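>>> Just to be clear, the model below is a prediction. Sequence and coordinates:
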Protein chains: 2
Amino acid sequence: MSEKCILVGQSGGPTAAINSSLAGVIAAGIEAGVRVEGMRYGIQGFLDGRSVRLDEAFANPIDLELLRNTPSSWLGSCRYKLPSPADDEATYQHLFRRFKEIGAAAVLYIGGNDSMDTIAKLGAFGREYGSDIRFIGVPKTIDNDLVSTDHTPGYGSAGRFVATAMNEIAYDADVYDLKSVTYVEIMGRDAGWLAASASLALARPDVVLLPEVPLDESALMDRVSSILEQKNTVMVGVSEGVCTPDGRLICEHAAAPGVGTDEFGHLATLSGAGRYLAALTKEQLGCKTRAVELSTLQRCASYVASQTDLDEAFELGRAGVRAALSGETTKMCALERVSNDPYEVRTRLVDVLAVANQVKHVPREWIAEDGMDVTDELMAYMRPLIGELPSQLAPIG
Amino acid sequence: MSEKCILVGQSGGPTAAINSSLAGVIAAGIEAGVRVEGMRYGIQGFLDGRSVRLDEAFANPIDLELLRNTPSSWLGSCRYKLPSPADDEATYQHLFRRFKEIGAAAVLYIGGNDSMDTIAKLGAFGREYGSDIRFIGVPKTIDNDLVSTDHTPGYGSAGRFVATAMNEIAYDADVYDLKSVTYVEIMGRDAGWLAASASLALARPDVVLLPEVPLDESALMDRVSSILEQKNTVMVGVSEGVCTPDGRLICEHAAAPGVGTDEFGHLATLSGAGRYLAALTKEQLGCKTRAVELSTLQRCASYVASQTDLDEAFELGRAGVRAALSGETTKMCALERVSNDPYEVRTRLVDVLAVANQVKHVPREWIAEDGMDVTDELMAYMRPLIGELPSQLAPIG
């Protein structure tokens, strides 16, 4: 066991796959005979002196296997945006002193956009400071909005949950002999990848609304109305990040009188797009409407996780350790799709500076011309990430 | 193939198991060489002349197997309360004419309380009318609130979803290093069985609130506050049917200004207990709070269905056909628990009149004295119905 260690942290929102990446880091560290230390509650907890010895805690392979299938961030997380060194050099001095104390040869940070920004800043500061610590980012985000990687761990499992839930809700919505429109609100403030995954439901939704295309409310009402002429039940997947052409979020419209605030007038969370559109539809088309928020469940539903997602998350964790031990720094471990059928990916290293603070949107050409559905190309892109869904009997028709 | 048929309908809210009961009816009918006809959209659709030939539609056993695992009500459903014959004899004349036209030797109705009421009324009218049609009820309700049966199909699967979701949300809630209280709102207007199932989560909730015990808000705040002194994250499962001592539903409190109504002032659904308590807690204890509604997902989540539940639902469907063919009428097929460890049940017939319009509450002695938790007896009752949950790594602690 060397004196030097691999230091690893988790950051940002929890997912079903982020612990699988952590398991990959720990497994690779144990294999390499390196001490592995974990930051409690990310960089912020680590700044407060909180860490945990992981190679010892996971000496038993059964625990490591359990960790792979445990949702959320086992180490705890933070939402801490590292200031720039120009603004706050003291924080950096403090952090690098802590890195030295713990004997960090490498720092791995598992997270999304902000985490890659953290790795980029630490790498740049380290270089200037003359530190030989390596900084490697391991991606995760259910939003799938990181550039330079085919997709991100966490997305496949969240997408599998969304497609499954959309299917169950569609079956549920269709039981009575009456006209109804159901809006299912899906996470994704800036990018529509997760909302798009609703289209993989066996009972495919009639309309999917992504943040990439401004919503024309009257075009939506026309579309829904014309579908209602052909069948009883209309299903709509709507991203929480959908805006009207003036750039206002749909949920801001919802926030008008009394809604969007809680019972005591506090501002509620940024949700309500589904509720707003359900109310609009009821008002304009006069039929029964319903809004379902998938809420927290979509990011932590490990019981419906995509095995491909968990496996890839684990491999990226391992790749991070390999990269660090071979002397790489200021890199993110990325996934490259070698082939779609049969599905095959390989890991590669990309410059973390090119990833930080960028957003990968759904390409416009992968969205139907009217902005209300996804294309076959997008379906083919998503399908292997989400995996096959269990068969069910088609509705009676 | 005889001229006479078994006529079957589904009624009330969808569940993950009601199609498994339908599959049991069809399978037993095919075995007995009887024609099986299904009502589209329950009694109401049947009154309008809508039915479907089931023994032919499910001649292929693969389709029957798929039906067992398909959520919601495949035949469609209705929420139709049959009037009393004294008020509206014409409807009964019409129905019995329809029964005769289709050649019904027996009518099986799969549903909850109202469905058993329907069977009781039809049986009583038939007897007076001199009809030899047999009327048999097959229970289903996620609420588990039917008397004369140990439990009801649909409950085990919904409970399994609730326990699983509660677990995932607890893991999700615990990631940041801050004090927070999360309320998870669970279906069950009159009885707390489904809310109680949240306690089977591996990460067991700290507090569970059932409709059987009036809520003392200040006692709840004291309890939550004292738990917060010991740990970061407090999880509360709350039934949508919880009332304050004055008999008002918590969600009616929530409906005060602007809340409980949608953006256009329409009255929204009967939910909001979680949101109300989250707002109250934030106001009184000043910590971060969150409310999650499990919503529609809890009744139709077939991907996390309890196999025991699906199997029992199937057996009750078969038992219904057996009962009808042996000449029984005005009965409900019930489950009797022979042994809890090992778990064993058998089916038996009970008088449907004793079931209709009764509600089986959670016994007060199965709820903790302070009304904020369940007892070991209730845990032991629920466990075999919900089934074993996948192992996950315990929080870092």
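Ah, there it is. Numbers count the residues shown, from 1 in each chain, chains lettered A, B, ... in the order given.

>>> Which parts of chain A are strands?
A:5-10, A:35-39, A:51-53, A:104-111, A:134-139, A:180-186, A:207-209, A:233-239, A:288-293, A:331-340, A:343-351 (DSSP state E).

>>> of all these, which lies closest to residue B:280?
Proximity to residue B:280, assessed across the strands of chain A by C-beta to C-beta, is greatest for strand A:288-293 (20.8 Å). In this view, the C-beta of every residue, glycine as well, is placed from N, C-alpha and C.

>>> what is the mean pLDDT for that closest one?
Across strand A:288-293, pLDDT averages out at 95.

>>> and that strand, is it in reach of chain B?
Yes: judged by C-beta under 8 Å from any C-beta of the partner chain, strand A:288-293 comes into contact with chain B at A:290, A:292, A:293.

>>> can I assume the last one is in contact with residue A:274?
Pointing back at residue A:293 there. Yes: here residue A:293 reaches residue A:274: they are 6.2 Å apart, a contact under C-beta atoms under 8 Å.

>>> which residues are in contact with both of those two?
Shared contacts of residue A:293 and residue A:274, defined by C-beta atoms under 8 Å, 6 or more residues apart in numbering or on different chains, are found at residue A:185.

>>> quick one, which of those two is more surrounded?
More crowded of residue A:293 and residue A:274, by other C-beta atoms under 10 Å in any protein chain shown: residue A:274, with 29 against 22.

>>> wouldn't the more buried one be in contact with residue A:289 here?
No: counting by C-beta under 8 Å, residue A:289 is not a contact partner of residue A:274; they are 9.6 Å apart.

>>> list residues touching both of those two?
With C-beta under 8 Å, 6+ apart, residue A:274 and residue A:289 have common neighbours residue A:183.

>>> Could you pull up the mean pLDDT of stretch A:21-38?
Taken as a whole, stretch A:21-38 carries a mean pLDDT of 98.

>>> One more: stretch A:212-225?
pLDDT averaged over stretch A:212-225 gives 97.

>>> Most distant residue from the centre of chain A?
Distance from the centre of chain A peaks at residue A:177, with 37.3 Å (C-alpha atoms, centre = their mean).

>>> Look up the closest residue to residue A:36, ignoring the ones flanking it.
residue A:29 (3.8 Å; C-beta to C-beta, 6 or more residues apart in numbering or on different chains).

>>> Give me the below-cutoff pLDDT ranges for the stretch 1-150 of chain A.
A:1-2 (pLDDT under 70).

>>> List the residues that contact the residue of it found nearest chain B.
Across the stretch 1-150 of chain A, no residue is closer to chain B than residue A:72, which sits at 3.7 Å (C-beta to the nearest C-beta). Applying C-beta under 8 Å, 6+ apart, we find residue A:72 in contact with A:14, A:15, A:18, A:19, A:300, B:168, B:171, B:172, B:174, B:175.

>>> These in helices, which ones?
A:18, A:19, A:300, B:168, B:171, B:172 (DSSP state H).

>>> what's the neighbour count on the third one?
The burial count assigned to residue A:300 is 30, neighbours taken as other C-beta under 10 Å.

>>> For the stretch 1-150 of chain A, which residues are neighbours of chain B?
So the stretch 1-150 of chain A meets chain B at A:13-14, A:19, A:40-41, A:44-45, A:52, A:63, A:66-67, A:69-79 (C-beta under 8 Å from any C-beta).

>>> among those residues, which ones are buried?
A:13-14, A:19, A:40-41, A:44-45, A:52, A:63, A:66-67, A:69-78 (16 or more other C-beta atoms under 10 Å in any protein chain shown).

>>> Give me the buried positions along stretch A:283-294.
A:285, A:287, A:288, A:289, A:290, A:291, A:292, A:293, A:294.

>>> What number of residues are in the vicinity of the residue nearest to the fifth one when sequence neighbours are not counted?
Nearest residue to residue A:290 in three dimensions, chain neighbours excluded: residue A:182, at 4.7 Å (C-beta to C-beta, 6+ apart). Counted with other C-beta under 10 Å, the neighbours of residue A:182 add up to 26.

>>> list the contacts for the closest residue to residue A:331 other than its chain neighbours?
Nearest residue to residue A:331, sequence neighbours excluded (C-beta to C-beta, 6+ apart): residue A:349, at 4.3 Å. Applying C-beta under 8 Å, 6+ apart, we find residue A:349 in contact with A:319, A:323, A:328, A:331, A:332, A:333, A:334.

>>> Farthest-apart pair in those residues, please.
A:328 and A:334 (12.5 Å).

>>> Between the two, which is the more surrounded one?
Remark: of residue A:328 and residue A:334, residue A:334 carries more neighbours, 26 against 16, as counted by other C-beta under 10 Å.

>>> so the more buried one makes contact with residue A:149?
Yes: at 3.7 Å, residue A:334 and residue A:149 qualify as touching, with contact defined as C-beta under 8 Å.

>>> Now the residue positioned nearest the centre of chain A. Nearest residue, chain neighbours left out?
Nearest to the geometric centre of chain A sits residue A:142, at 1.3 Å (C-alpha atoms, centre = their mean). The spatially closest residue to residue A:142, leaving aside those adjacent along the chain, is residue A:158, at 3.7 Å (C-beta to C-beta, 6+ apart).

>>> wait, what's in contact with the one you found?
A:15, A:16, A:142, A:187, A:194, A:197, A:298, A:299, A:301.

>>> Out of those, who's the most crowded?
residue A:15 (36 neighbours).

>>> Might you report the residue contacts of that one?
Here residue A:15 is in contact with A:71, A:72, A:140, A:141, A:142, A:153, A:154, A:157, A:158, A:299, A:300 (C-beta under 8 Å, 6+ apart).

>>> for it, phi and psi?
The phi/psi pair for residue A:15 (degrees, to the nearest 10) reads phi -140, psi 180.

>>> quick one: low-confidence parts of the stretch 201-350 of chain A?
Checking the stretch 201-350 of chain A against pLDDT under 70 turns up A:254-270.

>>> switch to 90 and redo it
Within the stretch 201-350 of chain A, the stretches with pLDDT under 90 are A:250-272, A:295-296, A:300-303.

>>> Which residue ranges of it form helices?
A:217-228, A:250-254, A:273-285, A:297-300, A:307-325 (DSSP state H, counting those that start in this stretch).

>>> okay, those in TSV with distance to residue B:88 next?
Formatted as TSV, these follow (distance: least, C-beta to C-beta, whole Å):
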stretch	distance to residue B:88
helix A:217-228	32
helix A:250-254	43
helix A:273-285	31
helix A:297-300	44
helix A:307-325	56
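
>>> Can you tell me which of the ones you listed is packed in deepest?
Comparing those by mean neighbour count (mean count of other C-beta atoms under 10 Å in any protein chain shown), helix A:297-300 ranks first with a mean of 26.

>>> Show me what that one packs onto, helices and strands only.
Counting contacts by 3 or more C-beta pairs under 8 Å, 6 or more residues apart in numbering or on different chains; DSSP states H and E, helix A:297-300 is packed against helix A:155-173, helix B:155-173.

>>> can I get those in CSV with distance to residue B:35 and mean pLDDT?
CSV is the format used below for these (distance: least, C-beta to C-beta, whole Å; pLDDT from 0 to 100):
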stretch, distance to residue B:35, mean pLDDT
helix A:155-173, 27, 96
helix B:155-173, 30, 96
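
>>> Make a markdown table from the ones you listed and add distance to residue B:230 to it.
Output for the helices and strands packed on helix A:297-300, formatted as a markdown table (distance: least, C-beta to C-beta, whole Å):
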| stretch | distance to residue B:230 |
| --- | --- |
| helix A:155-173 | 32 |
| helix B:155-173 | 16 |
